[in-house]
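Chemist: coordinates only, no sequence provided:
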């Protein structure tokens, strides 16, 4: 199990992990700075790496991990945010690079690229992954509900969280299909950067604090 530290769990793990199906968070990268891309590939081929659940020795995880270990050293001499460096590693075909690039997968997203490669090159894994044995969770709805609601206008998201109290937003965040609250690098920089621990934990009468209260999350040592 891997749960990134930039997540706030809004639902118990048991609500979507441990059943008959394996959960994966997928994302359609045609939003924000990638909204101009037109692509034919299935968004389920874009697997988010901030939440992973698998049994030991899982073939997809093992194959993807092996790919990442080989890929990372080859990227050290490259600018990691430039997508064409994936092609220069000679680990991906020109077709794979084109499809990944059209979906906004750059070398910075090396794990995403290796998940893509693993599924693209293994028929058995692909058949399993696209079967009823896997639960595909739309990350824009289940993890990025708030920024998606406001079209990724981070100043508005920041205001809604910390400068006003919107109970309807709290209710939406705690209702399906929302499962987690993910703060990616864009959101962390625009929304959380500059705020003290005391402000995050203890400042009351705003949407974020009400969310923490509903989740029974608190820091008595800091706030008393």
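Modeler: Good, I have the coordinates. This structure is a prediction, so every number in the text was calculated from the model and none was measured.

Chemist: pull the longest helix from the chain.
Modeler: Secondary structure of the chain read by DSSP state H shows that its longest helix is helix 59-75.

Chemist: I'd like the next helix or strand past it.
Modeler: Downstream of helix 59-75, the first helix or strand assigned by DSSP states H and E is helix 84-88.

Chemist: just give me how far that next one sits from the chain centre.
Modeler: The chain centroid and the centroid of helix 84-88 are separated by 23 Å under Cα atoms, centre = their mean, to the nearest Å.

Chemist: and whichever helix or strand comes after that helix, average pLDDT?
Modeler: Using DSSP H and E, the helix or strand that follows helix 84-88 towards the C-terminus is helix 94-102. For helix 94-102, mean pLDDT is 88.

Chemist: what residues sit buried inside helix 94-102?
Modeler: Within helix 94-102, the residues scored as buried using 16 or more other Cβ atoms under 10 Å are 96-97, 99-102. Bear in mind the C-beta positions are built from the backbone N, C-alpha and C, glycine included.

Chemist: which elements pack onto that helix?
Modeler: If you count contacts as 3 or more Cβ pairs under 8 Å, 6 or more residues apart in numbering; DSSP states H and E, helix 94-102 packs onto helix 84-88, helix 110-121.

Chemist: and these, which is most packed in?
Modeler: helix 110-121 (a mean of 22; mean count of other Cβ atoms under 10 Å).

Chemist: and the gap between the closest residue to residue 186 other than its chain neighbours and residue 51?
Modeler: Leaving out its chain neighbours, the residue that sits closest to residue 186 by Cβ to Cβ, 6 or more residues apart in numbering is residue 154, at 6.9 Å. Distance, residue 154 to residue 51, by Cβ to Cβ, to the nearest Å: 22 Å.

Chemist: of these two, who's got more company?
Modeler: Using other Cβ atoms under 10 Å as the criterion, residue 154 and residue 51 rank with residue 51 on top: 25 against 14.

Chemist: quick one, what contacts the more buried one?
Modeler: The contact partners of residue 51, by Cβ atoms under 8 Å, 6 or more residues apart in numbering, come to 2-4, 7, 23, 25, 143, 180.

Chemist: most neighbours among those residues, which one?
Modeler: Per-residue neighbour counts (other Cβ under 10 Å) across these peak at residue 143, which has 27 neighbours.

Chemist: how close does that one sit to residue 102?
Modeler: Distance, residue 143 to residue 102, by Cβ to Cβ: 23 Å.

Chemist: hang on, the earlier thing: quick check: pLDDT value at the residue nearest to residue 186.
Modeler: On the pLDDT scale, residue 154 is placed at 94.

Chemist: cool, thanks, signing off.
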